[in-house]
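*Asks:* After the sequence you'll find the predicted model.
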Amino acid sequence: MGRFDKYNIDLKGLKAEPLNLEFILDDAFFGDIEGEEFRRGKVKAVVTAKKNRDVFDIAFSLSGIVIVPCNRCLDDLELEIETTNSLRVRLGDDFADDGDIVVVPEHDGDINIAWYLYEFIALAMPMRRVHAPGKCNKAMTGKLRKHLLGEYDDEQPEMDPRWEVLKNIQIEEDN
């Protein structure tokens, strides 16, 4: 039995009534999936799959937290995740994922949703991941501030004299 077998949905076996599944995605899941965005957290996933003629609609409701490094201080940061997503699947000859619909080989008849769960969580995270004001690691933010202001502990190299000449150039503005 594979480590992601419990995330398989047997599409051929779906009956008229929807299939309801519930998973807790924890550190073990995120560690096994080996994604690049994050590797820790605890997210509840509620998945509903239903058959609509020749297309299968799979709805995902995800809520919980993931732990990522803060973009500013690199300490752990807990991000709340709350998202709903959907996936349309149909059976066909070969696997294909064109964005609108996923085609699963008919001879297999099932889809593994583990990677989709991870991707939906990753897509729900904000681009900028920082602690609330005043919550970042003070030692790290102090070093960052010193670096940004140009206050270095060691001696700075002298500026190349060729660049010094450029300081005296003034740009004339057209009025």
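*Replies:* Perfect, thanks for sending it. Numbering: from 1, shown residues only.

*Asks:* mind checking the longest strand of the chain?
*Replies:* Counting by DSSP state E, the longest strand found in the chain is strand 76-92.

*Asks:* tell me which strands and helices whichever helix or strand comes after it is in contact with?
*Replies:* Downstream of strand 76-92, the next assigned helix or strand under DSSP states H and E is strand 96-97. For strand 96-97, the packing partners by 3 or more CB pairs under 8 Å, 6 or more residues apart in numbering; DSSP states H and E come out as strand 102-105. Every residue, glycine included, has its C-beta placed from N, CA and C.

*Asks:* ok, back up a step: what about the longest strand of the chain, distance to the chain center?
*Replies:* 10 Å (CA atoms, centre = their mean, to the nearest Å).

*Asks:* if I've got this straight, residue 36 is in a strand?
*Replies:* No: per DSSP: H, G, I helix; E, B strand; the rest coil, residue 36 lies outside any strand segment and is coil.

*Asks:* Next one: it from residue 122, what distance?
*Replies:* Noted for residue 36: a distance of 9 Å to residue 122, by CB to CB, to the nearest Å.

*Asks:* These two: which has the busier surroundings?
*Replies:* residue 122 (15 against 6; other CB atoms under 10 Å).

*Asks:* Surely the more buried one and residue 39 touch.
*Replies:* No: at 11.6 Å, residue 122 and residue 39 do not qualify as touching, with contact defined as CB atoms under 8 Å.

*Asks:* Flag every buried residue along the longest strand of the chain.
*Replies:* Judged by neighbour count (16 or more other CB atoms under 10 Å), strand 76-92 contains these buried residues: 77, 79, 81, 85, 87, 89, 91.

*Asks:* Run through the chain and note the low-pLDDT ranges.
*Replies:* 1, 150-157, 171-175 (pLDDT under 70).

*Asks:* Would you map the helices across the protein?
*Replies:* 27-33, 114-124, 138-149, 161-166 (DSSP state H).
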